[in-house]
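Engineer: just coords:
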């Protein structure tokens, strides 16, 4: 109750923890202090086989490995973020993971007000020493490998991409996918469709659009999109195309619910290493001085190996991975829909 | 431009166009059920802003019924029951107690979103079970028409029931005593009352019917359109149904037409993207909504709303 009351005061705009200490001073003060309480705020349920589940699993793993207590608040949406993050700060959390780019602004404000280190997403130019760092993702790298896989597995010569929203990470993955397909065979057609600008939860729309892609002859579907992903999986599972249709997912592993054996692979994002590094940085007083990035090289991004991927194809993907890590292959980064379309058209 | 045309020519095969139209039908049916329900409610004088919540409840209970009983018909029945139960709140609070219909409608939507999300988590956790593809029924003769046959006349049986429902409601409005009473409840409730017919009962039945139809619309989304239930899956379709009911001036046949226009526009927006045409995706995605707005601009001047819409009825009140 005390926590709620304090948060209410904070919401009212009263700084309950005034501090004249600079961020750098705050970082120095925390250096050497062991992090014993971590908190994570998730926009949706942590059972989505995607963003939320991967975030929570990583936070649990890191909390366990460093001996910290983990507080989880899930399914909070985007309407009351500042209040919830304030409550987490007031509850004594020494590191708050605000697990959505939509929380960035509120998270930074809470970090500055309560002097608690927070993790944000995709804002590398918003760092505050000791208080605010961010995670970016080289999502295009995994997309490139998914493109190689799709190009190798397609029998119709057409593959599809479906995204549920105008999300920069999905643009990156889509662009990488198109480039990966082109690296194998430029004659393969890549079809691209978006359900809507923010149709993250539109599972019915996901099924409709994925079914349209399948009717356009695509036999490998690369799908990105929170709960809409369940619609993609359903469309592929129930497709009556007269031939096998495969699904490549993103962020998490939908294998446990793939009863029809259509999940070919998934671009997996793992936050475990960066969360652990963040805790180390907080304890060393170096937090907020640099951003973190998920890449193929640091294991933040990987491709799910299923039994349906043949050894030669997997070997080819691994070879491409090695070249990406070494810099021999430069995967194009598409940050806008226009850039994705150019790569798709060029594929 | 040449490249786009080349891509489009390869894309628009017979099977693709068939799938596009079928996709449009798929997207329009939930709207049609729900908007027909809203038309009934509005005719009786009840503005049902809670359709979104009723759809969600129907989507959840419909999915649960279909999943547990392995029958889509049980799913539609439980969906109707779920939507009806949600509508019962509207009946008690707004029709009977006279509380503000808009406030109660919003409350029902918010409650529907929260309750179904919690129930889904409690019931299934992270399992996200999915339903099989249910059989479709082809209409002999019509289903062999090129392109249109397979897209329009080879549908799940419930689609034909939906079209039959539209005709039945249109007939009920214009040719039956109950239809007359319903319209009187929305236009001159005091006259209906003077004639010895209970305004509150008439509005209550209409609201329950609305809830049941919104529940069927929601069940169609989860059982047929998606094959699974995910929280918040209605994505504002309840609100769109309200717009369609108003646009159609409460006439069921126009409700069906407007729903179909919306569904086809939605499907076309996907097709335009697949051609690789160089138009902003935001513009393409606006197409279905622009189609509805355009229709509103054309028809809005003659849009008819019952004079007693959203006005609680209190006998003797002026």
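Structural biologist: The structure has been received and is ready for your questions. Please read all numbers here as calculations on a predicted model, not as lab measurements.
Engineer: now stretch A:113-131, how far from the chain's geometric center?
Structural biologist: With Cα atoms, centre = their mean, to the nearest Å as the basis, stretch A:113-131 stands 18 Å off its chain's centre.
Engineer: Go through it and flag the buried ones.
Structural biologist: A:113-123, A:126-131 (16 or more other Cβ atoms under 10 Å in any protein chain shown). In this view, the C-beta of every residue, glycine as well, is placed from N, C-alpha and C.
Engineer: Narrow the residues you listed to those in helices?
Structural biologist: If you go by DSSP state H, these have A:113, A:114 in helices.
Engineer: for chain B, what helix or strand is lowest in average pLDDT?
Structural biologist: Within chain B, no helix or strand scores below helix B:2-11, which has a mean of 56 by mean pLDDT, DSSP states H and E.
Engineer: Buried residues, the helix or strand just after that helix. List them.
Structural biologist: Remark: after helix B:2-11, the chain's next helix or strand is helix B:14-43, criterion DSSP states H and E. Residues of helix B:14-43 classed as buried by neighbour count (16+ other Cβ under 10 Å): B:15-43.
Engineer: Quick check: residues of the stretch 201-347 of chain A near chain B?
Structural biologist: Counting by Cβ under 8 Å from any Cβ of the partner chain, the stretch 201-347 of chain A comes close to chain B at A:201-209, A:211-217, A:227, A:230-231, A:233-234, A:237-238, A:240, A:256-257, A:259, A:337, A:341, A:344-345.
Engineer: ok, now with 7 Å
Structural biologist: A:201-205, A:207-209, A:211-212, A:215-216, A:227, A:230-231, A:234, A:237-238, A:257, A:337, A:341, A:344-345 (Cβ under 7 Å from any Cβ of the partner chain).
Engineer: Also the stretch 1-150 of chain A?
Structural biologist: Residues of the stretch 1-150 of chain A found near chain B (Cβ under 7 Å from any Cβ) are A:45, A:47, A:75.
Engineer: Turn those residues into CSV, columns for neighbour count.
Structural biologist: Below are these laid out as CSV (neighbours: other Cβ atoms under 10 Å in any protein chain shown):
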residue, neighbour count
A:45, 19
A:47, 18
A:75, 17
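Engineer: now the closest residue to chain B within the stretch 51-200 of chain A, which residues is it bridged with?
Structural biologist: Of all residues in the stretch 51-200 of chain A, residue A:193 sits closest to chain B, at 4.6 Å by Cβ to the nearest Cβ. Counting by DSSP bridges, residue A:193 forms beta bridges with residue A:162.
Engineer: Let's verify the residue in the stretch 51-200 of chain B that chain A sits nearest to: helix, strand, or coil?
Structural biologist: Closest residue of the stretch 51-200 of chain B to chain A, Cβ to the nearest Cβ: residue B:126 (3.2 Å). For residue B:126, the assignment made with DSSP: H, G, I helix; E, B strand; the rest coil gives coil.
Engineer: Give me the neighbour count for whichever residue of the stretch 151-300 of chain A sits closest to chain B.
Structural biologist: Residue nearest to chain B within the stretch 151-300 of chain A: residue A:215 (3.2 Å; Cβ to the nearest Cβ). Number of residues near residue A:215 (other Cβ atoms under 10 Å in any protein chain shown) recorded here: 22.
Engineer: For it, which residues are in contact?
Structural biologist: B:15, B:16, B:19 (Cβ atoms under 7 Å, 6 or more residues apart in numbering or on different chains).
Engineer: and it, what pLDDT?
Structural biologist: pLDDT recorded at residue A:215 is 91.
Engineer: ok, now the one 4 residues further on?
Structural biologist: With respect to pLDDT, residue A:219 scores 97.
Engineer: One more: the one 3 residues further on?
Structural biologist: pLDDT recorded at residue A:222 is 98.
Engineer: secondary structure class for it?
Structural biologist: Following three-state DSSP, residue A:222 is assigned to strand.
Engineer: Isn't the residue of the stretch 51-200 of chain A closest to chain B up against residue A:210?
Structural biologist: No. Contact criterion Cβ atoms under 7 Å: residue A:193 and residue A:210 do not qualify, at 8.5 Å.
Engineer: overlap in contacts of the two?
Structural biologist: Common neighbours of residue A:193 and residue A:210 (Cβ under 7 Å, 6+ apart) are residue A:162.
Engineer: Please identify which of these two sits among more neighbours.
Structural biologist: Neighbours around residue A:193 and residue A:210, counted as other Cβ under 10 Å, are more numerous at residue A:210. The numbers are 30 against 22.
Engineer: Remind me which helix or strand that one belongs to.
Structural biologist: Going by DSSP H and E, residue A:210 is in helix A:203-215.
Engineer: Identify the residue nearest the residue most central in space within chain A in space, chain neighbours excluded?
Structural biologist: Central residue of chain A (Cα atoms, centre = their mean): residue A:51, 5.2 Å from the mean position. Closest residue to residue A:51 apart from its sequence neighbours, by Cβ to Cβ, 6 or more residues apart in numbering or on different chains: residue A:251 at 5.3 Å.
Engineer: Near the one you found, how many residues? Count them for me, please.
Structural biologist: Using other Cβ under 10 Å, residue A:251 is surrounded by 29 other residues.
Engineer: Do you know the pLDDT at it?
Structural biologist: With respect to pLDDT, residue A:251 has a value of 95.
Engineer: swap in residue A:14?
Structural biologist: 34.
Engineer: for residue B:307, same thing?
Structural biologist: Looking at residue B:307, its pLDDT is 88.
Engineer: Name all residues that make contact with the residue nearest to it when sequence neighbours are not counted.
Structural biologist: Using Cβ to Cβ, 6+ apart and skipping the chain neighbours, the partner closest in space to residue B:307 is residue B:187 (5.8 Å). Contacts for residue B:187 (Cβ under 7 Å, 6+ apart) come out as B:306, B:307, B:308.
Engineer: Can you tell me which of the residues you listed are buried?
Structural biologist: For the contacts of residue B:187, a burial check counting by 16+ other Cβ under 10 Å picks out B:306, B:308.
Engineer: Tell me the one among the contacts of residue B:187 nearest to chain A.
Structural biologist: Using Cβ to the nearest Cβ, these come closest to chain A at residue B:306, 31.7 Å.
Engineer: secondary structure class for the closest one?
Structural biologist: Per three-state DSSP, the local secondary structure of residue B:306 is coil.
Engineer: what are the phi and psi angles of it?
Structural biologist: phi -60, psi 140 (degrees, to the nearest 10).
Engineer: thought it was touching residue B:186?
Structural biologist: Yes. With contact defined as Cβ under 7 Å, residue B:306 counts as touching residue B:186 (3.2 Å).
Engineer: tell me, what's touching the two both at once?
Structural biologist: Each of B:42, B:43, B:45 lies in contact with both residue B:306 and residue B:186 under the rule Cβ under 7 Å, 6+ apart.
Engineer: Let me see the contact set for the second one.
Structural biologist: Same thing as residue B:43. Applying Cβ under 7 Å, 6+ apart, the residues near residue B:43 are B:173, B:182, B:183, B:186, B:250, B:306.
Engineer: for chain B, which spans come out with low pLDDT?
Structural biologist: Confidence mapping of chain B against pLDDT under 70 gives the ranges B:1-10, B:278-279, B:281, B:296, B:299-304, B:317-318.
Engineer: need the residues of it near chain A, please.
Structural biologist: Residues of chain B lying close to chain A (Cβ under 7 Å from any Cβ) are B:3, B:11, B:15-16, B:19-20, B:23, B:26-27, B:117, B:121, B:125-128, B:130, B:133, B:221, B:225-228, B:230-233, B:235, B:270, B:273-274, B:276, B:278, B:281-282, B:285.
Engineer: Please indicate which of those are buried?
Structural biologist: Buried among the residues of chain B next to chain A by 16+ other Cβ under 10 Å: B:11, B:15-16, B:19-20, B:23, B:26-27, B:117, B:121, B:128, B:130, B:221, B:225-228, B:230-233, B:235, B:270, B:273-274, B:276, B:281, B:285.
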